[in-house]
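J.: Show me the folded form of this:
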Amino acid sequence: MTTPSQNILGNYRRTGQVFDEFIGSDNQPRPHWLKLAEALESLGPAELQLRADEAARLVREHGITYHVYDDPMGAYRPAGLEPVPFMLDFHEWKRLEAGLAQRATLLNAILSDIYGEQRLIHGNEIPASMVFSHQGFLRAAHGMRPPGDVWLNLYAVDLSRSPDGRWWVISDRTQAPSGAGYALENRIISAQVLNSPFRKCRVTRLAPFFSRIIDAAREMAGMLAEPPAGAPNIALLSPGPLNETYFEHALLARYLNFSLVEGADLTVRGNKVYMKTLGGLERVHVILRRMDDSYCDPLWLRSNSAIGIPGLVDAARAQNIAIMNPIGSGLGEMPAIMSMLPGLCRKILGEDLMIPSVATWWCGQTEPRNEVIARFDRLTLLPATAGLDFQPVAPGMLDHEARIDLEMALQERPFDYIAQERVALSNAPVWDGTSLQPRPLTLRVFLVWNNGAYHAMPGGLTRITNDTDSPVVTMQRGGIAKDTWVSSLGQMPYYTLLPQNQTARREEVREVALLSRVADNFFWFGRYLERLDAICRLLRQAANRMIDERAFDTPEEILLLAPFLASRLNINLTTDDESPPLTANIGDILWEHCCDASSADTVPSLIEAISITADLLRPRLSDDMWRTVSRLKRTVMAMIADPKNGPEQLDTLLTSTITSVAAVTGFESETMTRSQGWRFLDIGRRLERAMWNSALIRNVSQTALEDGDRARFRLTVALDLLLELCDSFMTYRTRYMTLPEFHLVMDLLVKDQTNPRSVAFQLQSLASHCRSLPGEPNFSQEMFEWVSDVSDGLEQIDIHGLLDNGEQAMRIMQQALEATESRLPAISDRLTLRYFAHAVSQTSMQQAYE
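T.: Residues are numbered from 1 along each chain as shown. Got it, this is the predicted structure:
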């Protein structure tokens, strides 16, 4: 073996008495780390840092976020990813897999008994007070029988290694275990930035594990009281985008091809669960839930839950819905039962527990409580159940007064506390920018029940602390993740989740049902995009004219735009005095508007609305489309936050935003199939553009014609301005090769159905969409006639009359534009009432923005 470079490994040292995953007692890499160590040596420090930077860039590009609630970035905080993976030996992994499968089988049997015959409680194997005082025990779930009597379809467990090299279980995750999606994304990035080491180490693939999740869901659907005749409808139930792991919900829904739903998207009718779609109610057969037990059903459980589905418990009792994991499975997470697992394993399975739990005592029993008090300074006290208002605490690290207070609290409410031995976490190497350094870690492993047995994801989610002194590894406290590589004994075959040897005829291919909430989000995504584009073009024109006309007393373009800016964006550029008519600090006013994130219809607030909506639509958007939105937000927010920037950067900021919006709408035009999702997105865009352009053309032209003495001059300026704002200047010049004429400009911007920027084009597109709206044909026809009636008003505009500057023709045009502007919002209202109203939820985009 080649000796590893001192530049990378020279500073790496074992610390204290803890187990080091990377090097043995001889300070040499352990055998299963050798190939990786050699690969890192060949890269060298400079190249490894480049790979680390690339991993961080991909995390941002992929939008991998973890919502740290106390972080100012909130839901947009990038998840940390350490480039050097954690290695596990193949044979050690097989032993771990067997032990964890045994533990999952044991916990499943315990849950089945507690919610069934309760023999373990009657036989005093498990204290009744421990179970019934725990908030995870749900009386509504007693007597429920999930498909196959499986309570742990998915299971995760947190592990640490003791100084003697043995693995210990720190905690069990039994109700909605998170992290598998992050492990998947970590693998995608790790395999990309360390591609050569990945292949040399023959890393075991993760895809078969996720394939088993799909198979397990289909297997459960076949056990329902009324199994589906064809493919089951499977949904991933999320609490919504404010949840800390919402990124993972969207990722898994897309990867597994499950529908991503929230509670408001589902309803229970006749003890069956249905999904609210534009085409009506669709039966749901399986729910992969990422919501805690108590929030799932406000009818039976937490009555104030706004994210659950009323009646879900009844549907589960009737075996009309399969839930992964069943409601009530959170009871398996009670730490107090860990001390009883060795005896329960021998009683239930007739085997010794293969992987021990960290030593645990429930203080609700006298004897364990006395032992805890005797060993007070060497233990850590934790809440016995979730929801208790205190954090884990080490009594030995408290001052005398705080220690006495803790002892009194323990004596007053002993059943609220458990005690555990302090865990000495093992160390693994972390790249600090110059060399590898040891850091404490925990490993979360995931298992799925499929075909009568538990199967583990080969690897898992390795989490490390930011410093050597931290006793707890948690993402909420700033921990970062590693990919976990399990080396295989041979070459890994190619694997895909796509079904093999299946041929579908074209007539069998149907459009995926569109949720009403998703249609609502598409609609507002389109409206926000178009509104941002229009506002940026308006502000850019004002900013550029300010610079071009600074030497003049009366910059006509800004005077023409001032009323519209004041009425639409609440930007006041004029003074009360007639001379000078404009404020002296126009640039500062426009820059402040571009930096204002607290008001509606500003650049930052619209970008935020677009970003939120894109996150909600992520399973439906292409990667390039979503990344363009993400990049837009990062770029603009960085420019705004830079104190060195000011009015001089207005053109750069606004042009960059306009270009990004054009890229997003280009992806919409060229990559989205003409499904109902695209239809509602485009309806939103066309509606917004028609209303904005109608108001803009009417307002600017009317302002230009008010001044009789300067009407001709101001009208010429106004026509130039309108052509620029409607992105039609080159079209006009190419078509007419003349200075702007009022009647020709109005024809191009108002009546020309071949100009994608004209009002008539927007109405024509809306009419076409209305003919294809889902649901009742009568509603589609009614909407078509409504839009056609608005279009008829534009047809009454006499272009030749405008040529003669006829007052009647001018009046008809102004009335038609005003009617268009005022009547189109009713279309939005009618669409909302027909398609979106029943999908109102905590993530309604209109409510979130307005």
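J.: Share the number of residues neighbouring the closest residue to Leu650 other than its chain neighbours, please.
T.: Distance criterion C-beta to C-beta, 6 or more residues apart in numbering; nearest residue to Leu650, sequence neighbours excluded, is Ala543 at 4.1 Å. Using the backbone N, CA and C atoms, a C-beta is placed for each residue, glycine as well. Counted with other C-beta atoms under 10 Å, residues neighbouring Ala543 total 23.
J.: roughly how far apart are Ala543 and Ile607?
T.: Using C-beta to C-beta, to the nearest Å, one gets 18 Å for the distance from Ala543 to Ile607.
J.: and what of Ser171?
T.: 39 Å.
J.: now swap in Gly136 and tell me
T.: According to C-beta to C-beta, Gly136 stands 41 Å off from Ile607.
J.: of the two, who's got more company?
T.: It is Ile607, of Gly136 and Ile607, that has more neighbours when counted by other C-beta under 10 Å, with 24 against 20.
J.: For the helix or strand harbouring Ile827, name the packing helices and strands.
T.: For Ile827, the host element (DSSP states H and E) is helix 807-831. Applying 3 or more C-beta pairs under 8 Å, 6 or more residues apart in numbering; DSSP states H and E, we find helix 807-831 packed against helix 676-704, helix 759-771, helix 777-795, helix 799-803.
J.: Mind doing that once more with 10 Å?
T.: helix 516-548, helix 676-704, helix 742-746, helix 759-771, helix 777-795, helix 799-803 (3 or more C-beta pairs under 10 Å, 6 or more residues apart in numbering; DSSP states H and E).
J.: low-confidence ranges in the stretch 501-650 of the chain?
T.: 501-512, 546-555, 574-584 (pLDDT under 70).
J.: just the helices in it please.
T.: 516-548, 556-569, 586-595, 603-616, 623-641, 650-671 (DSSP state H, counting those that start in this stretch).
J.: Break the chain down into its domains, please.
T.: With domains defined by automatic domain parsing, the chain comprises 359-421, 516-849.
J.: and the nearest residue to Asn572 once chain neighbours are set aside, how many neighbours?
T.: Leaving aside its sequence neighbours, Asn572 sits nearest to Ala566 (C-beta to C-beta, 6+ apart; 5.3 Å). Using other C-beta under 10 Å, Ala566 has 13 neighbouring residues.
J.: how near is Ala566 to Leu559?
T.: To Leu559, Ala566 is 12 Å away according to C-beta to C-beta.
J.: what do you get for Asp588?
T.: 18 Å.
J.: Neighbour count for those two, which is higher?
T.: Leu559 (20 against 12).
J.: Surely that one is in contact with Val717?
T.: Yes. At 8.9 Å, Leu559 counts as touching Val717 under the criterion of C-beta atoms under 10 Å.
J.: Helices along the stretch 251-400 of the chain, start to end?
T.: Using DSSP H, counting those that start in this stretch, helices in the stretch 251-400 of the chain cover 312-317, 341-348, 366-374, 400-412.
J.: can you tell which of the ones you listed is closest to Leu111?
T.: helix 341-348 (11.6 Å; C-beta to C-beta).
J.: Can you lay out the helices of the stretch 501-650 of the chain as JSON lines showing distance to Gln808?
T.: Putting the helices of the stretch 501-650 of the chain into JSON lines (distance: least, C-beta to C-beta, whole Å) gives the following:
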{"stretch": "helix 516-548", "distance to Gln808": "30"}
{"stretch": "helix 556-569", "distance to Gln808": "24"}
{"stretch": "helix 586-595", "distance to Gln808": "38"}
{"stretch": "helix 603-616", "distance to Gln808": "39"}
{"stretch": "helix 623-641", "distance to Gln808": "46"}
{"stretch": "helix 650-671", "distance to Gln808": "38"}
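J.: right, so of those, which gets closest to Met340?
T.: Nearest of the helices of the stretch 501-650 of the chain (C-beta to C-beta): helix 603-616, 42.7 Å.
J.: would you turn the helices and strands packed on helix 807-831 into TSV with distance to Glu38?
T.: Shown next, in TSV, are these (distance: least, C-beta to C-beta, whole Å):
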stretch	distance to Glu38
helix 516-548	49
helix 676-704	49
helix 742-746	71
helix 759-771	60
helix 777-795	66
helix 799-803	77
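J.: of those helices, which approaches Thr602 most closely?
T.: Going by C-beta to C-beta, the one of these nearest Thr602 is helix 516-548, 8.0 Å.
J.: ok, and for that closest one, which residues are buried?
T.: Residues of helix 516-548 classed as buried by neighbour count (16 or more other C-beta atoms under 10 Å): 516-546.
J.: what's the answer for stretch 53-61, then?
T.: 55-56, 58-59.
J.: Tell me which residues are up against it.
T.: Contact with stretch 53-61 is made by 64-65, 78-84, 185-186, 188-190, 192-194, 431, 433, 481, 483, 623, 626-627, 630-631, 634, as judged by C-beta atoms under 10 Å, 6 or more residues apart in numbering.
J.: pLDDT on that stretch, on average?
T.: Stretch 53-61 comes out with an average pLDDT of 89.
J.: Stretch 720-735 now?
T.: 89.
J.: repeat for stretch 192-200
T.: 92.
J.: what residues does that stretch touch?
T.: So stretch 192-200 is contacted by 35-40, 42-43, 48, 50-58, 81, 83-85, 187, 190-191, 201, 203, 483, 485, 487, 491-492 (C-beta under 10 Å, 6+ apart).
J.: burial of Met220, as a residue count?
T.: Neighbours of Met220 using other C-beta under 10 Å come to 27.
J.: for Ala316, same thing?
T.: By other C-beta under 10 Å, the residues close to Ala316 number 28.
J.: Pull out the buried residues from stretch 35-51.
T.: Applying 16+ other C-beta under 10 Å to stretch 35-51 flags 35-41, 43, 45, 48-49, 51 as buried.
J.: got it, and stretch 770-789?
T.: 770, 773-774, 779-780, 783-784, 786-787.
J.: can you redo those as JSON lines with distance to Thr613 and pLDDT?
T.: Formatted as JSON lines, the buried residues of stretch 770-789 follow (distance: C-beta to C-beta, whole Å; pLDDT from 0 to 100):
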{"residue": "Cys770", "distance to Thr613": "23", "pLDDT": "91"}
{"residue": "Leu773", "distance to Thr613": "21", "pLDDT": "89"}
{"residue": "Pro774", "distance to Thr613": "21", "pLDDT": "87"}
{"residue": "Phe779", "distance to Thr613": "25", "pLDDT": "88"}
{"residue": "Ser780", "distance to Thr613": "25", "pLDDT": "87"}
{"residue": "Met783", "distance to Thr613": "23", "pLDDT": "88"}
{"residue": "Phe784", "distance to Thr613": "27", "pLDDT": "90"}
{"residue": "Trp786", "distance to Thr613": "26", "pLDDT": "86"}
{"residue": "Val787", "distance to Thr613": "24", "pLDDT": "88"}
